[in-house]
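*Asks:* Structure here, sequence nowhere to be found:
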DNA sequence: TGGAATTGGCTTTTT
DNA sequence: GCCAATTCCA
């Protein structure tokens, strides 16, 4: 054993070695940017195995699927070198781990085994539905805002009723109602959303002693990466799992906490020691990535944050070149200058394209950069905002599959019930839905029994035929997917009033049981998805159903695309439209599915439809980036976390963008500014040697050209770190004018001003006693503190548009009724 | 019912 | 400015 221990720990520095060898008891590794954190954790896991800890009792949680895959690979590689088999460690993200736990303990969690996972788009849709059902106006309750409120509540483990109890004011009270309704919609569709994965797992672990004990025994050694970005639900899950053996290792860097906006709680890491008083703490402060210059600038910047643990990054690397700071005319100038310099470095320094990255704060900046790269013939890849899986045609195909997997999923069915057109428009669907509601059926079941509706509802003959046909098709596809010999299910004997898991759940359960028997170890331990170990020599294949080859997702998909008429529809619309594009995307989806099939085949995994759908739902943009692209990488600062590049360009280093205006604007939590600073810090510390930061003097924002001010963060970093060039041809010294050009820029701005002035004049005359003006701070009995954004007179009424703190949508109030109270700043 | 045309809203970040 | 969603029109 000793031999492998040495091999496993070889080349680690003293602190790294310490972190890797403290295996028992709580451990906190505060790892600065570029301090070899991943390397250390990987070694730590390998060390545990080398010490004889069974791989199956090790759980490693990472932030992205990509990180999970990489870690798995590295652990395997290390152990192979040390002559050990590395498979069997569970490496997962919180979300994928939860899916697994929930499927295994579906009953205990109060879920159907075949639950569908809704992505954000599905969630928003379901929320819209709930808002509509409650007869609330979508204007006052913007689905997106409600969505984020609910999501936040779930991350804090607040169920609908708990949330309702605490709801302080009007808005929240109604959100509570929507929340409850939304939960009902989800349950009706046998669906869970992203947040539910965490919430349901956390609650089950908290309340169900048996399940908790079982999982505690299973995962005796737990390590969690990027701990600074965990939220409350994740915190609870981690500690429920660890509370017995207390072998929990949290690694992370408070300075790189950038997901506060979605509920991550930086205090989880800041207070780890309070939670585990006997925790061992290791600091990794030596940076192996960046030059002294880059590190100096980054350290100076982050030192401005109050909420942090002091840490001094240092490096033995060279001083390196100064950071290039460029001021350009506009975003086009910015893009061309960045591209020019990238090309230059590519040619002169013989750097491959994949050594370059361009970061930006918001996705909208990518457009011009992309165009410029394309024109210049520079290969690039991008973690896109509207990524592949969000495309309409892709979502459509996946919706078909989801309905096959879960016939109760009405949201997915509604999405495609008339795609391609089959005479089932809004009217017909409404009737079907009403019928379904009356009889406690799913929408699909209603389609199958449309005959019974014919007398009453008066559905078009064509619609009736279509509905029946569709129900029949789904039955057939389902039979194919789950290896059911019959195809007769659509006319199946009455699925009784409230079908709990109708149709096929039986066969699925059997299959799962069988698969488990065959190789409990493998299915359980070999991680989730298609990303698999390659070192699985000699393991028995865990085929889904013995004697029957597993159904290929590709074949199923192929069949659905053809039989549903989608293919024909897209071909028909080919007329130099996007039809061809869409068809190509579908083809791409199918070939990715074929890859999934092949992966599962190779690793002897069941690779059921449910597995596939789960995989597809939980991938992110970053996961889709290839390492070996031979291309320049474009991404948001958020996506850049954990990566490194020899040459980095950060575009849009301007106030309003970085830091984002949201953190600057009225009512912003001061913590937000710190998070913006951390975001900039993350960006800067990705760079190994070359760093360019650019400022565009004018930038097109939402169709308006605005005058910008360079980022206030520049003022927090030492001048000597920068090599500054002003390549903007025009005016000097205008930088102090403010965010928007005083003179107005463009017709639209002028128009707006004229309108504003007119309104202001009118309201001046009408406003009660004239004390309310635009910009005035006010207090409202229900909504709280706000600021008047606009004010106007209409007849005898004066209307004020007020933006209240904590309420995303501005409210329009009538002054005579609203009893606004003036607040002095 | 489907396609065109207009509006409106949006822009943080994503598992 | 762009995209999606809604509305309008045939």
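*Replies:* Good, I have the coordinates. Small disclaimer: the values here were computed from a predicted structure and weren't measured.

*Asks:* can you map out the helices along the stretch 651-800 of chain A?
*Replies:* A:661-664, A:670-685, A:746-766 (DSSP state H, counting those that start in this stretch).

*Asks:* helices and strands around the second one, which ones?
*Replies:* The reference is to helix A:670-685. helix A:292-302, strand A:645-650, helix A:661-664 (3 or more C-beta pairs under 8 Å, 6 or more residues apart in numbering; DSSP states H and E). (C-beta placed from N, C-alpha, C; glycine too.)

*Asks:* Packing partners of the shortest one?
*Replies:* Counting by 3+ C-beta pairs under 8 Å, 6+ apart, the packing neighbours recorded for helix A:661-664 are helix A:670-685.

*Asks:* Would you pull up the residue in the stretch 401-550 of chain A closest to DNA strand C?
*Replies:* residue A:426 (9.5 Å; C-beta to the nearest atom of the strand).

*Asks:* And for that residue, the neighbour number?
*Replies:* As a burial measure, residue A:426 scores 9 neighbours (other C-beta atoms under 10 Å).

*Asks:* next one: residue A:52
*Replies:* By other C-beta under 10 Å, neighbour count at residue A:52 equals 7.

*Asks:* So for residue A:460, what's the nearest residue that isn't a sequence neighbour?
*Replies:* Residue nearest to residue A:460 in three dimensions, not counting chain neighbours: residue A:423, with 6.2 Å by C-beta to C-beta, 6 or more residues apart in numbering.

*Asks:* Quick one, which of the helices and strands packed on helix A:670-685 gets closest to residue A:630.
*Replies:* Closest to residue A:630 of the helices and strands packed on helix A:670-685, according to C-beta to C-beta: strand A:645-650, at 13.8 Å.

*Asks:* how far off helix A:670-685 does the closest one point, in degrees?
*Replies:* Note on geometry: by axes from the mean of the first three to the mean of the last three C-alpha atoms, to 10 degrees, strand A:645-650 and helix A:670-685 are set 140 degrees apart in direction.

*Asks:* Which neighbouring elements make contact with strand A:645-650?
*Replies:* Applying 3+ C-beta pairs under 8 Å, 6+ apart, we find strand A:645-650 packed against helix A:331-348, strand A:356-360, helix A:670-685, strand A:687-696.

*Asks:* Quick one: closest of these to DNA strand B.
*Replies:* Of all the helices and strands packed on strand A:645-650, helix A:670-685 sits nearest to DNA strand B, with 6.8 Å by C-beta to the nearest atom of the strand.

*Asks:* if we can go back for a sec, now mean pLDDT and distance to residue A:53 too, for the helices and strands packed on helix A:670-685, in TSV please.
*Replies:* Output for those, formatted as TSV (pLDDT from 0 to 100; distance: least, C-beta to C-beta, whole Å):
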stretch	mean pLDDT	distance to residue A:53
helix A:292-302	95	36
strand A:645-650	95	36
helix A:661-664	83	44
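
*Asks:* Name the single longest helix found in chain A.
*Replies:* For chain A, the helix that runs over the most residues, judged by DSSP state H, is helix A:579-603.

*Asks:* Just after that helix, pick out the following helix or strand.
*Replies:* Counting by DSSP states H and E, the next helix or strand C-terminal to helix A:579-603 is helix A:609-618.

*Asks:* Between strand A:645-650 and the helix or strand that that following helix is followed by, find me the angle.
*Replies:* For helix A:609-618, the following helix or strand on the C-terminal side (DSSP H and E) is strand A:632-636. Counting by the same axes, to 10 degrees, strand A:632-636 lies at 50 degrees to strand A:645-650.

*Asks:* on contacts alone, who are the packing partners of strand A:632-636?
*Replies:* Applying 3+ C-beta pairs under 8 Å, 6+ apart, one finds that strand A:632-636 contacts strand A:356-360, helix A:366-376, strand A:380-382.

*Asks:* 6 Å - rerun?
*Replies:* Counting contacts by 3 or more C-beta pairs under 6 Å, 6 or more residues apart in numbering; DSSP states H and E, strand A:632-636 packs against strand A:356-360, strand A:380-382.

*Asks:* Identify each buried residue in that strand, please.
*Replies:* Within strand A:632-636, the residues that qualify as buried are A:632-636, counting by 16 or more other C-beta atoms under 10 Å.

*Asks:* In CSV: those residues, plus distance to residue A:134 and pLDDT.
*Replies:* CSV is the format used below for these (distance: C-beta to C-beta, whole Å; pLDDT from 0 to 100):
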residue, distance to residue A:134, pLDDT
A:632, 48, 91
A:633, 44, 90
A:634, 42, 89
A:635, 39, 89
A:636, 35, 88
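
*Asks:* Can you show me the helices along the stretch 401-550 of chain A?
*Replies:* With DSSP H, counting those that start in this stretch as the criterion, the stretch 401-550 of chain A has helices spanning A:410-416, A:426-439, A:443-448, A:450-457, A:461-481, A:505-518, A:520-525.

*Asks:* Can you give the contact residues for the helix or strand following the last one?
*Replies:* Which is helix A:520-525. Counting by DSSP H and E, the next helix or strand C-terminal to helix A:520-525 is helix A:553-563. Residues from elsewhere that reach helix A:553-563, judged by C-beta atoms under 6 Å, 6 or more residues apart in numbering: A:400, A:473, A:477, A:480-481, A:567, A:590, A:593-594, A:596-597, A:612.

*Asks:* Where does confidence bottom out across those?
*Replies:* Least confident entry in the contacts of helix A:553-563, by pLDDT: residue A:567, with 81.

*Asks:* List the contacts of the residue nearest to residue A:460.
*Replies:* Neighbours of residue A:423 in contact, by C-beta under 6 Å, 6+ apart: A:462-463, A:466.

*Asks:* Counting neighbours, what do you get for the residue of the stretch 351-500 of chain A found nearest DNA strand B?
*Replies:* Scanning the stretch 351-500 of chain A for the residue nearest DNA strand B gives residue A:425, at 2.4 Å (criterion: C-beta to the nearest atom of the strand). Neighbourhood size, residue A:425 [other C-beta under 10 Å]: 13.

*Asks:* Cheers, nothing more for now.
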